[in-house]
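Asker: return atomic coordinates for the entry below.
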Amino acid sequence: MASGLVHDIQSQVIYGRTYREVHKKKDAPSKWLPGKRHRCLRHGWYRKFGKRWTFADPFPNEIPRRRQRIGDTAGSTRGEEYMASVSHDYLDRIWDFDSLTREERKYTRNYWEAFHIWLVLNPRLLREWAGVDVFDGRIRRVIDGAEVWEDEPNVVVEYRSLYERARFILHRKKDLRYMVELYGELVKDIQR
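Answerer: Numbering: from 1, shown residues only. Below you'll find the model as predicted:
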C-alpha cells in the first residue's frame, strides 16, 4: 500500500491540505489486517474498481455530484475530505501494480515514493506548479472562473510535518535518498 506520507503529499498537492486524519482513519485496519487485506474495510471506492470506475474513468460523474452535495450540506471542507478519501482509494489501486513482479513492484514504489519526497523538498515547485504556498499558508483556487489565493494557515504546519517526515525517511532509506538526488540532477540538466 502507498505509505501514509505518499497519501499526505498527494493530498497537499491536489487539495492544498494533507487531510492526514482522513488517511489515518482509512488505513487504521492495516494494524490488524496487513497488506491489501485491510482494504476490505473503509476503502469503498477501491472495492468498486472495475464495476463503477476504471483507470480510464477514475472519477465518473457521480463523484463530483456527491462532493457537491456533501459540500452543500456539510460544508466545503467535508466535501474536500470526501474527495481526499476517494483519491486515497484511487492511489491505493494504482499502487497495487498488479501486473509487475514483486521486484519490479518494489522498485516502482520506491521510484514514486522518492518522487513524492522530492516534491516536498521543493517548496517553490509546490507553489508554482501545485498552487500551494507552504511558507505563507495560501492555496491557489479557481472560484467562478477567477484564480484566487486563499489564506490557509494549516498549510504551513502540515508542510513542516511532511518535510520532517520526508527528511526522516531519506535518512533511513539509502535507495530513496539516491533516487531523490537523481531527480535533482535531472532537473538541473533540464534547466540548463
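
Asker: which stretches of the protein have low pLDDT?
Answerer: 1, 186-192 (pLDDT under 70).

Asker: now do the helices in it.
Answerer: For the chain, the helices defined by DSSP state H occupy 4-15, 20-27, 44-47, 62-74, 76-95, 102-120, 123-125, 154-172, 174-191.

Asker: name the helices or strands packed onto the fifth one?
Answerer: Okay, so that is helix 76-95. helix 4-15, helix 20-27, helix 44-47, helix 62-74 (3 or more CB pairs under 8 Å, 6 or more residues apart in numbering; DSSP states H and E). The C-beta positions use only the backbone N, C-alpha and C, and glycine is treated the same way.

Asker: quick one: it to helix 4-15, angle?
Answerer: 130 degrees (axes from the mean of the first three to the mean of the last three CA atoms, to 10 degrees).

Asker: with mean neighbour count and distance to Val148 added, can I get the helices of the chain in JSON lines?
Answerer: Putting the helices of the chain into JSON lines (neighbours: other CB atoms under 10 Å; distance: least, CB to CB, whole Å) gives the following:
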{"stretch": "helix 4-15", "mean neighbour count": "22", "distance to Val148": "15"}
{"stretch": "helix 20-27", "mean neighbour count": "18", "distance to Val148": "25"}
{"stretch": "helix 44-47", "mean neighbour count": "16", "distance to Val148": "30"}
{"stretch": "helix 62-74", "mean neighbour count": "13", "distance to Val148": "17"}
{"stretch": "helix 76-95", "mean neighbour count": "19", "distance to Val148": "14"}
{"stretch": "helix 102-120", "mean neighbour count": "17", "distance to Val148": "23"}
{"stretch": "helix 123-125", "mean neighbour count": "13", "distance to Val148": "20"}
{"stretch": "helix 154-172", "mean neighbour count": "16", "distance to Val148": "15"}
{"stretch": "helix 174-191", "mean neighbour count": "13", "distance to Val148": "29"}
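
Asker: can you say which of those helices is nearest to Lys36?
Answerer: helix 76-95 (8.5 Å; CB to CB).

Asker: distance from that closest one to the middle of the chain?
Answerer: 9 Å (CA atoms, centre = their mean, to the nearest Å).

Asker: kindly report the same for stretch 19-30.
Answerer: For stretch 19-30, the distance to the chain centre is 13 Å (CA atoms, centre = their mean).

Asker: neighbouring contacts of it?
Answerer: Residues outside stretch 19-30 that contact it (CB atoms under 8 Å, 6 or more residues apart in numbering): 1, 4, 7-8, 11, 38, 40-43, 80-81, 84-85, 88-89, 158, 161.
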